[in-house]
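S.K.: need a structure here:
(one chain, ligands or ions: 1)
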Amino acid sequence: MSMFEDIPVDVGVIYEGERIRRKQMYVELGGPNIKEKFELTKVKKPEEVADGKVVVIGPDLKDMEEGKSYNLGILIEAAGPELEPELEGVVERRIHEYCNFIEGFMHLNQRYDIWLRLSKKSFEKGLNSFQYIGKVLHRLFKSELPIIEKMQVTFMTDPEKVKDLYNEALQIYEARDARARGLKDEEADKFYGCVLCQSFAPTHVCVITPQRYSNCGAISWFDGRAAARIDPKGPIFTIEKGELVDPDKGEYSGVNDVVKKKSLGEITKVWLYTGFGYPHTSCGCFEGTAFYIPEVDGLGIVHRGYRDVTVNGLAFSTLADSTAGGRQVDGFHGISIEYMRSPKFLQADGGWNRVVWMPKEVKERVKDFIPTELADKVATEEEAKTVDELRTFLKERNHPVVEQWEEEVVAVEEAVPAEAREESPLVPVATAATIPITAGGFKIILKDAKIYAKKVIIRSVKSEKPRRKGEKVAKK
Ligand code: SF4
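M.R.: Here you go, the predicted structure:
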């Protein structure tokens, strides 16, 4: 029995996080095979909105061919006396949540990057029209966000129509993002948190500051503030900053407290401006990922839309698997494109001085924010397809990481006495209060460990352990 009698499938929070694999899907809307797709919310005057109206432009679900991918644009037009344009981004992000309440209907990502799937099972149960989806969205939005008094939904699948609005949507997203630029984290009295993605990554908490945009790139600090105001008990909430523990890494005591609570104790510390140590967690809808390339001691960036393998031979999907899940993974870091425009972008790791590779498309999008002196030192797929090519390129262009390579060799030599470079009797080479080892699905914790080795091999290669800017090579 459905939550709504006139909807052929069930609707409820239990379906959030449901994955629909390719062999289970009836059709796919948007996603990696489709260039133009979007979701957009516009706040309108009451007389411009027909409450409850659902419009379908182009083939409806029942007219689609099984197994195929289609263009999709979702336009929500909403009105209400207190509904202001600054809330558009907040309302829009809820499309993700409410679509996922529908049994057999999966929604991933955001804005220009949406990826939806309808399952065969739900299609067979009768979920064969966007009219049903629109009805569910209308009811959920109005019951969860009473600030919305009137709302209509348009689904576009006609490729030409989607294309027209897609370009307009890109301009609207850019205008929203530009608004938050210029405000500094130090000046903001509060930060905001979001746990909308916990259905997919239960320990993930986005910390949204003026200078660290949300991972999905869909919620700015202003959006966070607006959302927390209209729905303070909702998934987006206020974070009291507390004490600034480390301005370089971006550690705030208030952030640590809230993240610990919201991740049920799993994450105890967050450094906002680094991909190492205690980086901000990554859910699954980050727009891009920053990944450490040990051979050159630099960071690569790849965005979701990049279809080729990156310079280290791995595709976005593989790197994303290593990054996602609400974990803190040293050297794999989910980011939004807007964060790359921030002066705090990976600040503790060296910022742009540490970025060595990214797809041309991303470089083009953020080119005005790359320091001029570095612009031609960051390689794209056109300059380097492999790590060897990257190394040559960086050396030729004298990228700042190259200087670090030389320093590292010297540091290793200085740190290690000559006799220790040869075979030596058993001496402890590492001691620690706790050393966690993860193997075969188990976590083994060695308490008060001392590790002895018959031989200590020091390799003067690029660091195998990611380092933060200015951090010296560990002495062995
Ligand atoms: S990525 Fe972060 S801000 Fe965006 S919806 Fe998920 S939890 Fe919220």
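
S.K.: from here on, contacts and neighbour counts on C-alpha atoms
M.R.: Noted.

S.K.: Can you tell me which residues in this protein are near the ligand?
M.R.: Applying Cα under 6 Å from any ligand atom, one finds that the chain approaches the ligand through 194-197, 205-206, 214-216, 218-219, 285.

S.K.: Regarding this structure, what is its longest helix?
M.R.: helix 159-180 (DSSP state H).

S.K.: Mind jotting down where the helices sit in the stretch 251-400 of the chain?
M.R.: 253-262, 316-323, 360-366, 387-397, 400-415 (DSSP state H, counting those that start in this stretch).

S.K.: Check what contacts stretch 73-91 and list those residues.
M.R.: Stretch 73-91 has contacts (Cα atoms under 8 Å, 6 or more residues apart in numbering) with 37-46, 49, 92, 147-157, 162, 165-166, 218-219, 222-224, 226-227.

S.K.: Could you do stretch 98-110 as well?
M.R.: 9-20, 38-39, 93, 96-97, 114-122, 133, 136-137, 140-141, 216, 218, 285-286.

S.K.: Swap in 7 Å and give it another go.
M.R.: Stretch 98-110 has contacts (Cα atoms under 7 Å, 6 or more residues apart in numbering) with 9-13, 15-16, 18-20, 96, 114-119, 122, 137, 140, 216, 218, 285.

S.K.: what's the average pLDDT for that stretch?
M.R.: Averaged over stretch 98-110, pLDDT sits at 96.

S.K.: what about that stretch, how long is it end to end?
M.R.: From its first residue to its last, stretch 98-110 covers 13 Å (Cα to Cα, to the nearest Å).

S.K.: Buried ones among the contacts of stretch 98-110?
M.R.: 9-11, 15-16, 18-20, 96, 114-119, 122, 137, 140, 216, 218, 285 (16 or more other Cα atoms under 10 Å).

S.K.: In strands, which of those fall?
M.R.: Taking DSSP state E as the definition of strands, the buried ones among the contacts of stretch 98-110 contribute 115-119.

S.K.: Determine which two of the residues you listed are furthest apart.
M.R.: Of all pairs drawn from these, the greatest distance, 13.3 Å, lies between Trp115 and Ser119 (Cα to Cα).

S.K.: Now stretch 77-96: buried residues?
M.R.: 77-80, 83, 86-96.

S.K.: Show me which of these is closest to the ligand.
M.R.: Arg93 (6.5 Å; Cα to the nearest ligand atom).

S.K.: quick one: the closest one from Leu183, how far?
M.R.: Taken as Cα to Cα, the span from Arg93 to Leu183 is 22 Å.

S.K.: Just the endpoints, please. Distance across stretch 34-54?
M.R.: End to end - Cα to Cα - stretch 34-54 spans 24 Å.

S.K.: before we move on, back to that, pick the one among the residues of the chain next to the ligand closest to Thr238.
M.R.: Cys194 (9.0 Å).

S.K.: Could you report the neighbour count for Met192?
M.R.: Just so we're on the same page, residue 192 is Tyr rather than Met. 27 (other Cα atoms under 10 Å).

S.K.: isn't it right next to Pro235, touching?
M.R.: No: using Cα atoms under 7 Å as the test, Tyr192 is too far from Pro235 to be in contact (10.3 Å).

S.K.: Filter the contacts of stretch 73-91 down to the buried ones.
M.R.: Using 16+ other Cα under 10 Å, the buried ones in these are 37-44, 46, 49, 92, 147-157, 162, 165-166, 218-219, 222-224, 226-227.

S.K.: Among the residues you listed, name the ones in strands.
M.R.: Reading strands off these with DSSP E, I get 37-43, 150-156.
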